[in-house]
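1. Using only what follows, build the 3D model:
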Amino acid sequence: MIAYFKDRTKKSIPHTVFLCVTAAVCLSIAVYFAVRGAFRNMVLAIFCAALIFPGLTFAEYILRMTFAPVFTLLITLLFMGGLVLGPGLDFYFRFPHWDDILHTASGLIFASLGYTFADGIVSRDLRYRKFLCICVGVSFSLAIALLWEMFEYAGTTFLGMDMQEDTIIYNIRSFLLAGSHNDIVEINGITQTIIHYGDGQQYVIDGYLDIGLYDTQNDMLVCLIGALTLPVLIVIGSLFGKKPEKFIVPQWDDRFAQANAKAKA
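-> Residues are numbered from 1 along each chain as shown. Predicted coordinates for the structure are as follows:
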């Protein structure tokens, strides 16, 4: 493994420099959190730095892949955005669509990874090989998104966390309030909700509170958009005789090719 690290560093200096600089930024932010006494955020920043470097290079070694430049950029954004910028520097509230950006990026990341997995399995003589790899990639991305949403639901339900972010809405339609699936209660233009709880306490909301449904559905939707970006780029590239996937999709390295050849022999 050490030999692989040295070889990867020598062969792709820009890649290594990018990872080192990004990890250094995370460590600098960790120092900032430490000074402010935000120790949870400090730990997350240090963990993020370790994931980026040497974590991504270690992942390449384990998966027997070489990550493409755009793939590396996106997964670095996902780590920093989800672990450091989002919760620590409050990007989730400073930028209303920050969560959408991360989930869209994850859609493209896992679609690319699924494409690579299929590329290593599907016969190269198959006529519609690229189309099949694309289908596997998109399906793999949506499967990962589903597992993540189930993880968020479990964290909210069983661990007392708020992983499914709330959404303020102003209209509701309900069979439950109607007491029958043959009728529906529709309430539009909600301006205020008053929640009475505890010992005479109350909380006032300007609108109505949805506790996770909109967040889950929106996350799945933008993930699908991100996943579909891959086939769109491949199709557009093919029209101009280009192969944009080589900048996005991880590639099996020589070790995998050699192992495959030995297995077939």
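2. Please, where are all the strands along the stretch 1-150 of the chain?
-> Assigned by DSSP state E, counting those that start in this stretch, the stretch 1-150 of the chain shows strands spanning 65-66.
3. go on, the stretch 151-265 of the chain?
-> In the stretch 151-265 of the chain, the segments counted as strands under DSSP E, counting those that start in this stretch are 167-169, 172-174, 185-187, 193-197, 201-205, 208-210, 251-252.
4. Rebuild these as JSON lines, extending it with mean neighbour count and distance to Gly155.
-> Every residue, glycine included, has its C-beta placed from N, CA and C. Converted to JSON lines, the strands of the stretch 151-265 of the chain look like this (neighbours: other Cβ atoms under 10 Å; distance: least, Cβ to Cβ, whole Å):
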{"stretch": "strand 167-169", "mean neighbour count": "14", "distance to Gly155": "17"}
{"stretch": "strand 172-174", "mean neighbour count": "12", "distance to Gly155": "25"}
{"stretch": "strand 185-187", "mean neighbour count": "11", "distance to Gly155": "30"}
{"stretch": "strand 193-197", "mean neighbour count": "9", "distance to Gly155": "22"}
{"stretch": "strand 201-205", "mean neighbour count": "10", "distance to Gly155": "23"}
{"stretch": "strand 208-210", "mean neighbour count": "14", "distance to Gly155": "18"}
{"stretch": "strand 251-252", "mean neighbour count": "16", "distance to Gly155": "34"}
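5. Quick one, which of these gets closest to Val17.
-> The closest of the strands of the stretch 151-265 of the chain to Val17 is strand 251-252. By Cβ to Cβ, the value is 20.3 Å.
6. Given that closest one, what are its sheet partners and their directions?
-> Strand 251-252 pairs in its sheet with strand 65-66 (antiparallel), by DSSP bridges.
7. pLDDT on the strand it pairs with, on average?
-> Per-region confidence: strand 65-66 scores 92 on mean pLDDT.
8. So what touches it?
-> Applying Cβ atoms under 8 Å, 6 or more residues apart in numbering, the contact partners of strand 65-66 are Glu60, Thr116, Pro250, Gln251, Trp252, Asp253, Phe256.
9. still on that earlier bit, nearest to Thr229, out of the strands of the stretch 151-265 of the chain?
-> Closest among the strands of the stretch 151-265 of the chain, using Cβ to Cβ: strand 251-252, at 18.7 Å.
10. So what's the gap between the closest one and the chain middle?
-> Strand 251-252 sits 21 Å away from the centroid of its parent chain (Cα atoms, centre = their mean, to the nearest Å).
11. To what extent is Gly137 buried, counted in neighbours?
-> Here the number of neighbours of Gly137 (other Cβ atoms under 10 Å) works out to 27.
12. Go ahead and confirm it touches Ala227.
-> Yes: at 7.1 Å, Gly137 counts as touching Ala227 under the criterion of Cβ atoms under 8 Å.
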